[in-house]
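A.B. asks: would you be able to build a 3D model of this:
(one chain, ligands or ions: 1)
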Amino acid sequence: MKKIENYIDGKYIAPIKNNWLDNYNPAKGEVYSQIPDSSSEDIELAYKAASNAFLSWSATSLQERSTILLKIAKLIKENLEELAIAEAIDNGKPLTLARSVDIPRASDNFQFFAHAITQFASEAHESSGFNAINFTLRHPIGVVGCISPWNLPLYLFTWKIAPALAAGNTVIAKPSEITPMTAYLLGEICTKAGLPKGVLNIVHGLGAKAGQAIVAHPQVKAISFTGGTVTGAHIAKIAAPLFKKLSLELGGKNPNLIFADCDYDRMLETTLKSSFSNQGQICLCGSRILVEKSIYERFKNDFIAKTKALKIGQPLDKDTNIGALVSKPHLEKVKRYIDDANAEGGKVLCGGEYVTIVDHKKGYYLQPTIIEVSDPRCRLVQEEIFGPVVTIMPFDNDEEALELANDVRYGLSCTIWTNNLNRSMKMAKHIDAGIVWVNTWMMRDLRTPFGGIKDSGVGREGGFEALRFFTEPKNVCIQY
Ligand code: NAD
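C.D. replies: I've put the predicted structure just below:
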């Protein structure tokens, strides 16, 4: 059985205490590799390597840093197939998705920040009447921690690492213990690209142990975290007395607002994707579908028909639309929501059952599920399920649509389907979300700020926002 190791100081090494965790292939429900159950001693080792590497990496010219990041981007592209297969096996997502979205995006993350850092300008202000000029220096922070979730493993891991490295920091990074494989493979790619040893250290293990040791390390000055809201709150509590800089990208329960005047066919196709891509395990999925009453019945029927036609299958099959959920506990958690639907006043319109796949009988498969709800305060609508489950309900007018859309603790993203410009602007302005899409979904431009409000997080990633996060500004005032 394959044992994957930590990548510290440019080398793969076993965890100091030699403790290991099982890693499952969700499509088969079987253990297929082991990963380090790292402890605070491993984090200390990673810290020392990162700390030793900091002086020279932070002094490396932008051009040189940029060149190395571009090499990493290129090597990810060259190894796309191997990485995509590893991601699909580790996570359960369709290979077609890993190949077309996850891995290309990991490469793009490095490419983007390799260029962005060379364009990252500081501000200057002349203090009129004082003969003085102010300008801002931006220093790398030092050793920073990057902690990422299992749903888009390499995609989100590199979304943090690339700007952190571009800005001149050295990094201790921990992928999810549920999907460690592509992060493990990234170590070798970084060595091949010429990233100096100790600049990036990848440590595997449990969140409450290895993850928490990164957050609690007094010399790790900033934490970029993506994951659940409860974990984010816990991290914030530990980080606050240590005065760490925090970027928290947390859960969502995003509304998909469908108005009768929309381009119906495009809306229907995209809604299928925004509901069930990656088995609904994307923080940006539109899991609360709200539909204008006049088209509600038509939409309901068409959406059920399209959902029933999705092919559930092994992640590596080329015609699979819905792969396996990421883990057994997660599968069971999602199923419990469905089983409780009746008691919550919901009606399962389609799906809702486990699926057995030939040759993969122990895999974690679940039918894509649509639940019609009448009470917007029920748990199905209020809580993040993070699986192939959406709720649908009708609304009467713009005011009600807005009220329903904002009536949750989360505020990550929103999709609005309408051809009325005034309505789309009104909604975009008043919706509680960090990201609003009008007549599209998950169209990402890496220059734009990414993140949520309310319980969906604090801070923004993407573009110069990420480079601002990973640098410390210092104002210099010169009187002349
Ligand atoms: P999670 O919070 O359980 O874990 C995320 C990461 O944090 C993992 O690496 C985990 O090991 C680590 N971790 C767990 N406890 C920790 C602790 N006490 N200290 C430090 N690290 C700890 O989340 P998950 O189940 O892996 O991911 C699903 C969640 O992530 C969902 O809520 C989803 O909405 C959210 N998510 C948000 C975004 C976003 O951009 N807002 C993107 C993807 C996923």
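A.B. asks: in the stretch 1-150 of the chain, what residue comes closest to the ligand?
C.D. replies: P149 (3.1 Å; CB to the nearest ligand atom). Yep, even glycine has a C-beta here, placed from its N, CA and C like the rest.
A.B. asks: in which helix or strand would I find that residue?
C.D. replies: Assigned by DSSP states H and E, P149 falls within no helix or strand.
A.B. asks: contacting residues for it?
C.D. replies: L156, S176, T226, G227, G228 (CB atoms under 8 Å, 6 or more residues apart in numbering).
A.B. asks: which of the residues you listed come close to the ligand?
C.D. replies: Contacts with the ligand within the contacts of P149, as defined by CB under 6 Å from any ligand atom: L156, S176, T226, G227, G228.
A.B. asks: among those residues, which are in strands?
C.D. replies: In strands, judged by DSSP state E, the following of the ones next to the ligand among the contacts of P149 are found: T226.
A.B. asks: state the pair within the ones next to the ligand among the contacts of P149 that is farthest apart.
C.D. replies: Using CB to CB, the two most remote members of the ones next to the ligand among the contacts of P149 are L156 and G228, lying 13.2 Å apart.
A.B. asks: tell me which of these two has more neighbours.
C.D. replies: Comparing L156 with G228 by other CB atoms under 10 Å, the one with more neighbours is L156, at 26 against 16.
A.B. asks: that one against S148, yeah?
C.D. replies: Yes. In this structure, L156 is within contact of S148 by CB atoms under 8 Å, at 4.5 Å.
A.B. asks: quick check: longest helix in this protein by residues?
C.D. replies: The single longest helix within the chain, with elements called by DSSP state H, is helix 40-59.
A.B. asks: please point out which parts of stretch 24-43 sit buried.
C.D. replies: 24-29, 33-40, 42-43 (16 or more other CB atoms under 10 Å).
A.B. asks: wait, what's in contact with the residue positioned nearest the centre of the chain?
C.D. replies: In the chain, the C-alpha closest to the average C-alpha coordinate belongs to L156, at a distance of 4.8 Å (CA atoms, centre = their mean). L156 sits next to S148, P149, T226 when contact means CB under 8 Å, 6+ apart.
A.B. asks: ok, it to V476 distance?
C.D. replies: 35 Å (CB to CB, to the nearest Å).
A.B. asks: again with L412
C.D. replies: Distance of L412 to V476, given as CB to CB: 37 Å.
A.B. asks: compare those two (neighbour count), which wins?
C.D. replies: Neighbours per residue (other CB under 10 Å) separate L412 from V476, with L412 holding more: 26 against 11.
A.B. asks: hang on, the more buried one packs against D455?
C.D. replies: No. L412 is beyond contact range of D455, at 9.1 Å (criterion: CB under 8 Å).
A.B. asks: on that earlier part again, is it possible to get JSON lines of the ones next to the ligand among the contacts of P149 that adds distance to T118?
C.D. replies: Listed next are the ones next to the ligand among the contacts of P149 as JSON lines, based on distance: CB to CB, whole Å:
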{"residue": "L156", "distance to T118": "24"}
{"residue": "S176", "distance to T118": "32"}
{"residue": "T226", "distance to T118": "26"}
{"residue": "G227", "distance to T118": "31"}
{"residue": "G228", "distance to T118": "35"}
